[in-house]
Each structure stands twice: as structure tokens, then as C-alpha cells.
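Undergrad: Below: sequence and its predicted model.
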Amino acid sequence: MTPDPDLPRRSRGRAGLDAIVVGAGAAGGALALALARDGFEVAVVEAREPAPWRADDDVDLRVVALAPDARELLDGIGAWPAIASARTGPYRQMHVWDALAPGSLHFDAAENGEAALGWIVENKLVQHALWQALATEARVRVLCPAEVEAIDDGPDAVGVTLADGTRLRARVLVSAEGAESSVRAKLGIAFEGRDYGQRAVVAHVATERPHQGTAWQRFQPGGPLAFLPLADGRCSIVWSLPDAEAARILALDDAAFRAELGCAFDFRLGEITAATKRAAFPLRLRLADRFVHGRCVLAGDAAHVVHPLAGQGMNLAFRDVRCLRRVLGAARERGSDIGAAHVLRRYERERRSESTVAAYGLDAIARLFVSRLVPVARLCGLGLAAANRGPLRRLLTQAAAGDL
């Protein structure tokens, strides 16, 4: 996608743009599209064009579990129809249990009168659909390949100089580049947390019995194992393991891998009959110490990285998008400067609060359930049994759906 040749000229002097979004992944693409659909003028700066999604390719190993509020956002900005018509695996139920103690937790979409708890979708497909939608949006100008070289955060506007010398000015700059955000680094915002010393092993597998439209998760001493239902009848697995154990699992031959995986999953869906290639990625907890710096804002993984055990990473990112869209829209309706400190602080207060609770809440759950101490394991089993009864289960269901 080529830059608009008039953009540098129109962006000099006063802020000719409302927002500059750095990064065209899921969070950045959705935000740019949402703001444009709301009438804002937006420039998107992206280092490289996303890999295309093709129906003939096998299902991408990186999948996400989209909650209903994420689907609502994507539908509202016109990206969901392309995703839904491609490959989506809706799941109506979720079952969680512990390997070391009795007790389980079960969710059903019917309890809230919904058709699904969520949808398993390829990360690549989400990015592809958003990228295609950006190409047709008149209020979005995409500069790709392009990288931010310098930032001038002034009192009335924020200026950006790209590596090729192009200069842009806007009321707001949003970094949605992911965990290695260059904008965050240039602003000097600390990004703290810890490495889990674990990797998530991912693959797609076929099972002896159907997945029943259910997302399954079993807690084990080494980490959680999730089986997520794909549209083609297979399951996508996310198996969190200590680094050394993950390396061992990756090195197994196909038959040995399928046998160990089946055992780890307690053969809940019978034998593992086939498996794709495997991959792994490191697990980390990261949280920016602030989400706003002057007229600059962090969103998505640039602001927070959480443990994948509840599949909330992309959902949290889309909640950042919804919040920032609402805050900026409300400011414009009041006639306020959308990049003013009091406006952006509203976003920071709301999103850093939820992100902190999510990051450290998931961290605490991960710590508890990987404990090999029998008393702790028994307490976890009792906790699952208690959560499966009464109002706590409904509360957890609403939280996963983004209704709180």
C-alpha cells in the first residue's frame, strides 16, 4: 500500500490529522478503522504489510479466542463479515478442570441467552480483514513500509518524523505496535513485569471424538493445557510448559507427541489421531507504568502483555480500542481538544485499571495452579467447584464476554 502523496504537505503547520496510529495489527487496525468510521482523519504507520490470509492455506498456528464484545466491535467497523465468511470456530461451552484435585468449572452460552461464548479465529485472518478494510476507507492514509524516527510532543499537536523524512502532525499519537513498541521506548515509558520461564507450545490436532463446540482447559503442575475448537473439527492446542519441558515436547516425534498430549489432556476427547507441526512462543507478563505521555497513548500489547491461560490478550486490546474511541468521540462532541491531558487521562484511568487487574489476576491464577503442593492443589480444586455454583460463575462468564 503506497502513501498518499499529498499527506506530507497537508500535515505540515497545524495538525492536519486527528490521529496517527503506529501499527496496523489487530489493535491498531481496529482503532484506525473505528476512528475513521466516526469521522476522524487518521494516518497509519506500519513497518511491514501483514502476511496475507488465504483460504487454501492450513489454519494458522496462532489463533485467538474473541469474546462477544470483540465481535461487536469488529462488526460495528465492518470487519466481521469478512472474518465470519472465512474461518471461525464458535464455542458454546467452556470446561475447566484440575489435574491434581477434584472440582471443575463449566460455562454455557445458553445461561446468558447467547449463541456462543466466543469464536476461535486465526490471528492472521483478523489482521488480514482489518488491513483490507483500511485500504478502502477514505479517511485512513496508510504509510507502509514506514517507521517512526522521532516524536515531537508539543502543547497543541504531536509531530512525527518517519525514517524517510516524511513529517506528520496530529492531535493524538497512538502506539499499537505490540510488545516491542518503538514509540513507547522513545517516550521513555517503563514496561515492567516478569518472564514466566515458560513457553506455549501450539499445534492443531484431530481427536477421536468431536470437540462438541467446547473450549477445554486442564490445569497441570507445569502449566495449563487448552484445546480450542476450530471450524474444521480439529482443535488448536495451547500447552504452557517450563522452557526445558517445552523444548523436549517440541523434539518428540509425531507418535510420541500425540501420546503425551493425549495423556496430559486425560484423553477427554479420546486419542489424538493427527497433529500438525508444532511451534512455541515465550510467556511474559508486561505492564506499562503509564498508558499516556502528553498527547501519546499506548494500546494493546504496547501497553500490556498477559498470560494466555484465559485467552484475554486480544480481547483486552480491543477493549482499549473501544474505550479510546468512546473517549475521543465524547471529547469531540463537547468541542474539546481530543489530545488534551484531561481527555486522555480518562482513557488511562479506565484501561490501566482493568489491564492491571487482568495481568496480575491471571498471574496469580497461573502461580496457584502450577503449584505441586498437595494442599494448594486441593484448594484450587475446591475453588473450581465453588466457582461452578451460584453467582460467581455468572460473574466470570460476564467478565469473559466483556459485559462488566
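TA: Nice, I can see it. Numbers count the residues shown, from 1 in each chain.
Undergrad: Look up how far residue 297 lies from residue 248.
TA: Using C-beta to C-beta, to the nearest Å, residue 248 is found at 42 Å from residue 297. For the C-beta atoms, the positions are set from N, CA and C on the backbone; glycine is no exception.
Undergrad: which of these two has more neighbours?
TA: residue 297 (29 against 12; other C-beta atoms under 10 Å).
Undergrad: I'd assumed residue 288 was in contact with the more buried one.
TA: No - judged on C-beta atoms under 8 Å, residue 297 makes no contact with residue 288 at a distance of 10.6 Å.
Undergrad: What helices and strands are in contact with the host helix or strand of residue 94?
TA: For residue 94, the host element (DSSP states H and E) is strand 93-98. When contacts are defined as 3 or more C-beta pairs under 8 Å, 6 or more residues apart in numbering; DSSP states H and E, strand 93-98 sits against strand 104-108, strand 214-220, helix 374-387.
Undergrad: Count the residues that sit near residue 289.
TA: Other residues lying near residue 289 total 9 when counted by other C-beta under 10 Å.
Undergrad: who touches it in this structure?
TA: Shown in contact with residue 289 (C-beta atoms under 8 Å, 6 or more residues apart in numbering): 189, 190, 191, 192.
Undergrad: Neighbour-wise, which one of the residues you listed leads?
TA: Neighbour max across the contacts of residue 289 (other C-beta under 10 Å) = residue 189, 20 neighbours.
Undergrad: What confidence value was assigned to the closest residue to that one other than its chain neighbours?
TA: Distances taken as C-beta to C-beta, 6 or more residues apart in numbering put residue 288 closest to residue 189, at 5.4 Å, once the chain neighbours are dropped. Looking at residue 288, its pLDDT stands at 97.
Undergrad: what about stretch 234-253, start to end distance?
TA: In stretch 234-253, first residue to last residue: 20 Å (C-alpha to C-alpha, to the nearest Å).
Undergrad: so how far is that stretch off the chain centroid?
TA: Distance, stretch centre to chain centre, for stretch 234-253: 21 Å (C-alpha atoms, centre = their mean, to the nearest Å).
Undergrad: Just the mean pLDDT for that stretch, thanks.
TA: The model assigns stretch 234-253 a mean pLDDT of 96.
Undergrad: What ranges in the stretch 251-400 of the chain fall below the confidence cut-off?
TA: Applying pLDDT under 70 to the stretch 251-400 of the chain flags residues 309-311, 365-400.
Undergrad: Over to the stretch 101-250 of the chain?
TA: 101-102.
Undergrad: Now do the helices in this structure.
TA: Assignment of helices within the chain using DSSP state H yields the ranges 7-10, 26-37, 68-76, 80-84, 123-135, 182-187, 243-251, 254-264, 313-334, 341-369, 374-387, 391-401.
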